[in-house]
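# Kindly generate the corresponding structure for this input.
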Amino acid sequence: MINKTILMTSIIAMTVIIGITANYAMAADVEVVEDTVTDDDGNFHAWQLSGTDNTSTLEITHVCGNTGNPSQELDPILFVQSPSIFRQDDDSFTPCDQFSSSIVNFGLDEVEDGCWITQANGIGDGTGPYTLTLDLQGPGDITPLGTVSSFSFCTDGVPLCEAQVLACDVPFQEALTNCGVQSQHDWMNDPNPDDIALQVFAIDPFCEVTDWDGICEAEYLFFCNADSLEQFNTCVANTSCEEPGLETEKFYTETDKDIEAGFFGTVLPFKNAIVDTENPTQTVKAVLDKNGNIKSYNPGQYYAVTKVTALTDLQEVWITEDDNLCTDVEQPISTMNPNKVPGGAYVALMCPDGTSVDLSSELANSDPPRLFINDANNVEAHVENVPEGCMVFLGVKYSPGLKGENFQSVEQPWCENWEFVTAINAAGDEFRDSAHRVLEVVECGENEVINPANGKCICPEGFIETPTGICIAGET
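Now for the predicted structure:
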């Protein structure tokens, strides 16, 4: 059973057009969505795959225009999260005016049963109609689950009856009345519907019921197929509420670390004195020449650090640093430097007794390597036997990616860096978590001015710099 802290949400109904054309083999299971990207966040769609095996393959395409609106103004970009793999693509498929559409493939041994999330988006501020197509070849079926709010809709597609849920001690009728549970059926007026396999969704984190630290920010969402209210109540009653097996944090630091001393670097300043908890943004400052071109950043090197705290004894911990939105774009904010391990990344283990050990060389030199750069050019780390209370740190070193660019010509001077973590305990229970942090290159921080002598930012007279690097009114 998966032990998981779960925030539950509603599913918005979506029209799904199912079609098999002459272009597809009869064995294919094809799902088509026609929709429009209306904002920067794009549209997330959830899918349940079942009955697949190691011979199944899946092709997902995101193209501009649809039958209702053939406009090709959108510059499509596609993100796909399977139960175990994250992939993205931009500009690898058919033309879209001056752009190209996107395609992501999953080959033999890569397609698995469970919950899949696709995000259909557009580069920059691009909006417009699109067609999203999932073409499953070989054994298996695709069931659309609707539109969702993020990649964290579900983990492995586990139904609620098999999942750890927050409502475990709350009768469904009470939850329906007081706790924000919603469904696709009016249970209050028709408690014994004739419909079968009705999906029931909960949208409240039940923070007042469980009151675990951070539960309101839980990201994993689950659903339950229930024939009746009684079945749903039985389902909920047979689950248990346990705290999550791990906790993940993400932040950027300077390179002044001392692993043996348990110090992992000075945290880079936040953009604002009041931190945006939804999208926490840290900053590096652009150092400009007289023409406004970026010579470097201040600091000139920095780490993206992930801290994973074991809330129970963990047998295996896998961490993936997904920095493609920062490094693999036309104007990259960051460049891994050096682009190798262990030099460009470190892994450390720190425990409550004060011991702190650098595992970088041991993991990088193991057979097979357990600290490496994967095919998507992201750093992965695999740490074994992490006792409860201990913390695993993964730090990836970066240098300025915008060096030589004119600051005013940088289209998007910020990027979002993600971390995905999977762990299991000795009983085989699996835990997943993720964290992200935004890094922004700023000309100067809040209230700062440029020193014309060296192009660097300083606090002007009448202001002082706080320990977090922000200028506030005051005298030294």
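
# What sits closest to Pro70 if chain neighbours are left out?
Nearest residue to Pro70 in three dimensions, chain neighbours excluded: Pro129, at 7.8 Å (Cβ to Cβ, 6 or more residues apart in numbering). The C-beta positions use only the backbone N, C-alpha and C, and glycine is treated the same way.

# Same question for Ala310.
Going by Cβ to Cβ, 6+ apart, Ala310 has Val386 as its nearest residue, at 4.6 Å.

# pretty sure that neighbour is in contact with Leu311, am I right?
No. The pair Val386 / Leu311 is not scored as a contact, 10.5 Å apart, by Cβ atoms under 8 Å.

# more crowded one of these two?
Val386 (23 against 16; other Cβ atoms under 10 Å).

# Phi and psi next, for the more buried one.
Phi and psi for Val386, reported as degrees, to the nearest 10, are phi -100, psi 110.

# mind listing what it touches?
Neighbouring residues of Val386 by Cβ atoms under 8 Å, 6 or more residues apart in numbering: 308, 310, 313-314, 317, 349, 392, 423.

# 6 Å instead, please
310, 314, 317, 392 (Cβ atoms under 6 Å, 6 or more residues apart in numbering).

# Sort out which of those residues are buried, if you could.
Those of the contacts of Val386 that meet the buried threshold are 310, 314, 317, 392, by 16 or more other Cβ atoms under 10 Å.

# Serialize those to CSV and add fields for secondary structure and distance to Trp47.
Below are the buried ones among the contacts of Val386 laid out as CSV (DSSP: H, G, I helix; E, B strand; the rest coil; distance: Cβ to Cβ, whole Å):
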residue, secondary structure, distance to Trp47
Ala310, strand, 32
Leu314, strand, 30
Val317, strand, 28
Val392, strand, 32
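
# thought Asp75 was touching Thr127?
No. Using Cβ atoms under 6 Å, Asp75 makes no contact with Thr127, being 10.0 Å away.

# Looking at those two, which one has more neighbours?
Comparing Asp75 with Thr127 by other Cβ under 10 Å, the one with more neighbours is Asp75, at 22 against 15.

# So that one versus Asn121, what's the distance?
For Asp75, the distance to Asn121 (Cβ to Cβ, to the nearest Å) stands at 9 Å.

# And for Thr55?
Taken as Cβ to Cβ, the span from Thr55 to Asn121 is 31 Å.

# Which of the two has more residues huddled nearby?
Between Thr55 and Asn121, Asn121 has the larger neighbour count (other Cβ under 10 Å), namely 24 against 12.

# How about that one: what's its closest non-neighbour residue?
Gly42 (3.0 Å).

# count of neighbours near the one you found?
Neighbours of Gly42 (other Cβ under 10 Å): 21.

# Please apply the same query to Phe106.
There are 20 residues near Phe106, going by other Cβ under 10 Å.

# what ranges do the helices span in this protein?
Ranges of helices in the chain, per DSSP state H, are 172-178, 207-210, 229-237, 324-327, 360-364.

# Return the member of these having the minimum mean pLDDT.
Looking at the helices of the chain, the lowest mean pLDDT belongs to helix 207-210 (a mean of 27).

# ok, now which ones touch Thr335?
Thr335 neighbours (Cβ under 6 Å, 6+ apart): 399, 401.

# count of residues packed around Gly68?
11.

# Pass me the low-pLDDT residue ranges in this structure, would you?
1-27, 39-41, 124-126, 148-244, 273-278, 445-446, 454-455, 467-469, 476 (pLDDT under 70).

# quick check: domain ranges of it?
Listed domain ranges for the chain are 17-153, 160-237, 246-443 (source: automatic domain parsing).

# Now distance to Ile472 too, for the ones you listed, in CSV please.
Shown next, in CSV, are the domains of the chain (distance: least, Cβ to Cβ, whole Å):
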stretch, distance to Ile472
domain 17-153, 31
domain 160-237, 28
domain 246-443, 7
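
# Out of the ones you listed, which gets nearest to Pro460?
Pro460 sits nearest to domain 246-443 of all the domains of the chain, at 14.5 Å, using Cβ to Cβ.

# if I look at Gly42, how far off is Glu448?
Taken as Cβ to Cβ, the span from Gly42 to Glu448 is 34 Å.

# again with Asn69
Remark: distance between Asn69 and Glu448 (Cβ to Cβ) = 46 Å.

# And those two? Which one has more around it.
Counted by other Cβ under 10 Å, Asn69 and Glu448 do not tie: Glu448 has more neighbours, with 20 against 14.

# got the contact list for the more buried one?
Taking Cβ under 6 Å, 6+ apart, we find Glu448 in contact with 457, 471.

# Report the beta-bridge partners for the nearest residue to Cys459 once chain neighbours are set aside.
Nearest residue to Cys459 in three dimensions, chain neighbours excluded: Cys471, at 4.1 Å (Cβ to Cβ, 6+ apart). Cys471 forms beta bridges with Glu465, as assigned by DSSP bridges.

# residues in contact with stretch 132-149?
Stretch 132-149 is contacted from outside by 11-12, 14, 16, 28-33, 44-53, 55-62, 120, using Cβ under 6 Å, 6+ apart.

# Sort out which residues of the top strand by length along the chain are buried, please.
Identified as the longest strand of the chain according to DSSP state E is strand 430-442. Within strand 430-442, the residues that qualify as buried are 430-435, 437-439, 441-442, counting by 16+ other Cβ under 10 Å.

# between those, which is closest to Ser102?
Using Cβ to Cβ, these come closest to Ser102 at Ser434, 22.2 Å.

# ok, the closest one touching Thr422?
No. Counting by Cβ under 6 Å, Ser434 does not reach Thr422; the two are 9.8 Å apart.

# which neighbours do the two share?
By Cβ under 6 Å, 6+ apart, no residue touches both Ser434 and Thr422.

# ok, the residue nearest to Ser399 when sequence neighbours are not counted - how many residues close by?
Excluding its sequence neighbours, the residue lying closest to Ser399 (Cβ to Cβ, 6+ apart) is Asn337, at 3.9 Å. Here the count is done by other Cβ under 10 Å, and Asn337 has 16 residues near it.

# Repeat that for Asp323.
Neighbours of Asp323 using other Cβ under 10 Å come to 26.

# which other helices and strands contact the longest strand of the chain?
Strand 430-442 sits against strand 246-253, strand 281-288, strand 414-424, with contacts defined as 3 or more Cβ pairs under 6 Å, 6 or more residues apart in numbering; DSSP states H and E.

# Out of those, indicate the one that is most buried.
strand 281-288 (a mean of 23; mean count of other Cβ atoms under 10 Å).

# Can you name every helix or strand that it contacts?
So strand 281-288, by 3+ Cβ pairs under 6 Å, 6+ apart, packs with strand 294-298, strand 430-442.

# can you rerun that using 10 Å?
When contacts are defined as 3 or more Cβ pairs under 10 Å, 6 or more residues apart in numbering; DSSP states H and E, strand 281-288 packs onto strand 246-253, strand 294-298, strand 302-310, strand 391-400, strand 414-424, strand 430-442, strand 449-450, strand 457-458.

# CA atoms only for the fourth one - export them in CSV, please.
Coordinates of the C-alpha atoms in strand 391-400 are reproduced here as CSV (Å, rounded to 0.1, in the frame of the first residue of the first chain):
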residue,chain,number,x,y,z
MET,A,391,18.6,14.6,5.6
VAL,A,392,19.9,14.1,2.1
PHE,A,393,21.2,17.1,0.3
LEU,A,394,21.7,17.3,-3.5
GLY,A,395,23.4,20.4,-4.8
VAL,A,396,23.9,21.2,-8.5
LYS,A,397,26.4,24.0,-9.3
TYR,A,398,25.5,26.7,-11.9
SER,A,399,27.1,29.6,-13.7
PRO,A,400,25.5,32.5,-15.5
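
# Cool, thanks, talk later.
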